[in-house]
Each structure stands twice: as C-alpha cells, then as structure tokens.
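Student: got a sequence here, can you model it:
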Amino acid sequence: MLPVTESRVVLVTGGSKGIGRAMAEAFRDAGYRVAATYRSGGVPDGVLGVTCDITDQGQVDQAFETIEKELGPVEVLVANAGVTRDTLLMRMSDDDWQTVIDTNLTGTFRVVRRAARPMMRARFGRIVLISSVVALLGSPGQINYSSSKAALVGMARSLTRELGTRNVTANVVAPGFIETDMTSVLGEDTIADYRKRIPAGRLGSVDDVARAVLFLANDSSGYISGAVLPVDGGLGMGH
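Tutor: Got it, this is the predicted structure:
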C-alpha cells in the first residue's frame, strides 16, 4: 500500500454497502479521515456518515458543509453513488431512463462541482469516478445504466483538462462483475457464464476495487489523470 503523506479528507458517496462501503473502510484503515454519504442503512465505524440524496443540490451542499465543519475540506472525492433500473429498450420508461441519469450522471456532476473549487484553491485534489465495465462494452437491458457510466469517462477527461494545472486529477475506475449483495441474487447459471467469460476465472471482490481507488487517490499518483482503470479480471480487455 502506498504511503499517505498526511491524513487527507476523503468523501465516498454511496458508502453504506457494497463497493462504496469497502472503499470507505479501506481509506479509514489506510489512515485517511473519511466521510461517506448514504440514503439508508449506515456507514462503517470510524467513518463520518452524512445522509444525502445526490439528486438534490441542497442536500449535496449541506453534506459538504457538514464534512468541512467536522473533518475539513474534501481533498479526495470518490463518486460512487448510483442506481440501476434494468429493462430492455422497448420496455424502458422515461422514468427508468431519467432516474438512472439523474443519479449516476447528474448527481455525480453536482458532487464533483461542489468538491472542485476547494481543491483548486488548495492546489490538490483527487477525483475518482466509479464507472462500470458495461460503460464501453454495453449490456442488454442496461441502456440507461451503461450510458450514464460511459458519460463519466468524458467527464473525467474534461475535468483533467480544466483542473490539471491545479494538481487536481480525475480518473475513472471501471469495475467488472464484483461479488456484492446485488450480484448474489443472480442465478448460478448466470454467475457461471460470467466466470467463463472472465479471463481471471473468478468474480472480483470489493477489495479489488478499493485497492485500485486507493492507488489513484494517493499523493504519489499525481501524474495519472484522465485514465480509465478497469478492475474486471480482463473481461473488458480495456474497452
């Protein structure tokens, strides 16, 4: 694990379960001061929990104000909060589309916008956007989700061009098929099919994703920006 030069303040959105929770725990264990937003459930011990719906700008602003008061300005932002509304195109309603876009894309934009100005003033910042292997591979029944996640690549690269001279990086981590509560409900045949398609021969763990995010968030990773880091066992082959 790379050293932390000082106890920086990290915000993980959607930190109550799955990948988000694992990332919050990993940053906490590495010596960072960690806050996590959530809408239900709770956050790990030792992490400042802040209730926030990222589709509401007022709640986003209030969450940042709370974190800044309790821990200090956010220096590392991990934009992880997201939702799914999976169904085939011909069955997908406007609400199915808009709900996913509002959270995964517009909500991420709101959080990034609020975090960026203090980072620019401090001349330090790490922004990590959590995308998905389906962003560039595509997936039947996930036109809304894959579109929202693909857009994060453009967001990170535009941020890199805007903020790069201020020592603020913006990168994307694209997890593949990760073992979480969400995937545990899938049938054995579906999981077996994915294992066959993944060169690593196994599903990923939340720790695999957390370690990749820790690497990009570290002070020593300041010359990496605008990158897409797949954590998918080779499933997407960089796509």
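Student: residues in contact with residue 216?
Tutor: When contacts are counted by Cβ atoms under 8 Å, 6 or more residues apart in numbering, residue 216 touches 126, 128, 169, 171, 173, 224, 227, 229. Backbone N, C-alpha and C define where each C-beta goes, glycine included.
Student: can you pull the buried residues of the helix or strand it falls within?
Tutor: Residue 216 belongs to helix 206-217 when elements are defined using DSSP states H and E. Within helix 206-217, the residues scored as buried using 16 or more other Cβ atoms under 10 Å are 206, 208-210, 212-217.
Student: distance to residue 180 added to those residues, as JSON lines?
Tutor: Conversion of these to JSON lines gives the following (distance: Cβ to Cβ, whole Å):
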{"residue": "206", "distance to residue 180": "6"}
{"residue": "208", "distance to residue 180": "12"}
{"residue": "209", "distance to residue 180": "10"}
{"residue": "210", "distance to residue 180": "12"}
{"residue": "212", "distance to residue 180": "16"}
{"residue": "213", "distance to residue 180": "15"}
{"residue": "214", "distance to residue 180": "18"}
{"residue": "215", "distance to residue 180": "21"}
{"residue": "216", "distance to residue 180": "20"}
{"residue": "217", "distance to residue 180": "21"}
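Student: go through the lengthiest helix in the chain and flag the buried ones.
Tutor: In the chain, assigned by DSSP state H, the helix with the most residues is helix 143-163. Residues of helix 143-163 classed as buried by neighbour count (16+ other Cβ under 10 Å): 143-153, 155-157, 159-160, 163.
Student: one more: stretch 172-184?
Tutor: Of the residues in stretch 172-184, 172-178, 180 count as buried by neighbour count, 16+ other Cβ under 10 Å.
Student: make a markdown table from these and add distance to residue 191 and secondary structure to it.
Tutor: Shown next, in a markdown table, are those (distance: Cβ to Cβ, whole Å; DSSP: H, G, I helix; E, B strand; the rest coil):
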| residue | distance to residue 191 | secondary structure |
| --- | --- | --- |
| 172 | 25 | strand |
| 173 | 22 | strand |
| 174 | 20 | strand |
| 175 | 16 | strand |
| 176 | 13 | coil |
| 177 | 8 | coil |
| 178 | 12 | strand |
| 180 | 12 | coil |
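Student: how many residues are close by residue 72?
Tutor: As a burial measure, residue 72 scores 13 neighbours (other Cβ atoms under 10 Å).
Student: for it, grab phi and psi.
Tutor: Main-chain dihedrals, residue 72, degrees, to the nearest 10: phi 120, psi 180.
Student: ok, now how distant is the closest residue to it other than its chain neighbours from residue 234?
Tutor: Leaving aside its sequence neighbours, residue 72 sits nearest to residue 9 (Cβ to Cβ, 6 or more residues apart in numbering; 4.9 Å). Look at residue 9 and residue 234: by Cβ to Cβ, to the nearest Å, they are 34 Å apart.
Student: of these two, which one has the most company?
Tutor: A side-by-side neighbour count of residue 9 and residue 234, using other Cβ under 10 Å, places residue 9 first with 21 against 13.
Student: run through the residues that contact the more buried one.
Tutor: Residues in contact with residue 9 (Cβ under 8 Å, 6+ apart) are 32-35, 67, 71-76.
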